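Chemist: Prediction below, plus the sequence it came from.
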Amino acid sequence: MLGSLTRSLSCPGGFQVLFFPAWESTLFRTFPRGSREGASLEDLDAALPIIEKYKEHLVAIGEVGLDFTPRFVSGETDKENQRNVLIRQAHIAKRLDLPLNVHSRSAGRPTIQLLKEHGNVQPLRSLTLLILETDGTSCVCPPGVHKALLHAFDGKPSVALEGVKAGYYFSIPPSIIRSEQQKLVKQLPLENICLETDSPALGPEKQVRNEPRNICISAEYIARVKGVSLQEVMEVTTQNALRLFPKIKSAIRP
């Protein structure tokens, strides 16, 4: 795991986005034997030196989050393990002043609440130790994640609006045209919306491979629902993305 992370981050040219593809706190992957595998606090501790080494090249921390889908979670212990890892990931992102790309499934409210209050969930001593381990300084960050993108959010619109109040963004995939989350787009301010494809998943047609070009489908749907032009949706969502991920500005050609 650590070897693949190092190889990914050391790729020449451009900025790299930090992913925990095999360490996600939420996606307990089911293997033929029925075992579960996901992120652990030990995994994150082992990754910290690598993260520190390449921190200037990182755009975001993700994809992280909570997945309380019954087939992946057998009880409160599993949920608590996920929460603890997400808290640690949030602390790392906050310490490095990076946004979080957040996944939530069947856990909309717990995810938003944790992001807003995570500094109070983990004892202050643990947070201080994490900071001391990374660069030797003694800096205590205030509670709460301030920069986050909620990817394909499946929670209630009322819960999403709590995230809007906290300054979070929500990305809309092409699957919105067939999704039960269409009410979400109606209630979210355009100023808090980004576009995504999540290719090859979450395409406009079920069980059909999604492609990056389908991002236009998301934009067109949002324009229709909001009663604004496609151009306005493209401009506003682009500025939202640049505001959330400022490091990508230098990678955009005029």
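Modeler: That came through fine. Just so we're clear, the structure is a prediction, and the values are computed from it rather than from any experiment.
Chemist: So what are the structural domains in this protein, by residue number?
Modeler: Listed by automatic domain parsing, the domain ranges of the chain are 15-28+36-151, 174-248.
Chemist: which stretch in those domains has the least confidence?
Modeler: Mean pLDDT is lowest for domain 15-28+36-151 among those, at a mean of 73.
Chemist: which strand is the longest one in this structure?
Modeler: If you go by DSSP state E, the chain has its longest strand at strand 58-67.
Chemist: distance between that one and the chain's centre?
Modeler: 4 Å (Cα atoms, centre = their mean, to the nearest Å).
Chemist: show me where this structure has helices.
Modeler: Ranges of helices in the chain, per DSSP state H, are 2-9, 41-53, 76-95, 108-121, 124-135, 157-165, 182-187, 215-226, 230-244.
Chemist: Can you tell me what sits against the fourth one?
Modeler: Contact with helix 108-121 is made by 65-66, 68, 79, 83, 86-87, 90-91, 100, 102, 104, 127, 141-145, 148, 150, 153-156, 159-160, 162-163, 166, 168, as judged by Cβ atoms under 8 Å, 6 or more residues apart in numbering. Bear in mind the C-beta positions are built from the backbone N, C-alpha and C, glycine included.
Chemist: Could you list the residues in contact with stretch 178-194?
Modeler: 149, 153-154, 157, 160-161, 164, 168-172, 176, 204-206, 221-222, 225-226, 228, 232-233, 236-237, 240-241, 244.
Chemist: Return the members of those classed as buried.
Modeler: For the contacts of stretch 178-194, a burial check counting by 16 or more other Cβ atoms under 10 Å picks out 149, 153-154, 157, 160-161, 164, 168-172, 176, 204, 221-222, 225-226, 233, 236-237, 240-241, 244.
Chemist: and the gap between A93 and E220?
Modeler: With the distance defined as Cβ to Cβ, to the nearest Å, A93 ends up 32 Å from E220.
Chemist: Of the two, which one has the most company?
Modeler: A93 (25 against 15; other Cβ atoms under 10 Å).
Chemist: The more buried one - nearest residue in space that isn't next to it in sequence?
Modeler: Once flanking residues are discounted, A93 sits nearest to I61: 4.1 Å by Cβ to Cβ, 6 or more residues apart in numbering.
Chemist: isn't the one you found right up against D97?
Modeler: No. Using Cβ atoms under 8 Å, I61 is not in contact with D97; the gap is 10.7 Å.
Chemist: Looking at those two, which is more packed in?
Modeler: I61 (24 against 11).
Chemist: The nearest residue to T111 once chain neighbours are set aside bridge partners, please.
Modeler: Leaving aside its chain neighbours, T111 sits nearest to S104 (3.9 Å; criterion: Cβ to Cβ, 6+ apart). When bridges are called by DSSP bridges, S104 pairs up with L66.
Chemist: Contacts only, for S104.
Modeler: T26, G65, L66, D67, P110, T111, L150, F153, D154, G155 are the contacts of S104 under Cβ under 8 Å, 6+ apart.
Chemist: what's the burial count for the third one?
Modeler: As a burial measure, the neighbour count of L66 was computed by other Cβ under 10 Å and equals 25.
Chemist: let's number from 27 now, not from 1
Modeler: In the new count, where the first residue is 27, that last one comes out as L92.
Chemist: hmm, back to that, could you dump the contacts of S130 into a markdown table with distance to V211 added?
Modeler: Below are the contacts of S130 laid out as a markdown table (distance: Cβ to Cβ, whole Å):
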| residue | distance to V211 |
| --- | --- |
| T52 | 23 |
| G91 | 20 |
| L92 | 22 |
| D93 | 22 |
| P136 | 22 |
| T137 | 19 |
| L176 | 13 |
| F179 | 11 |
| D180 | 13 |
| G181 | 14 |
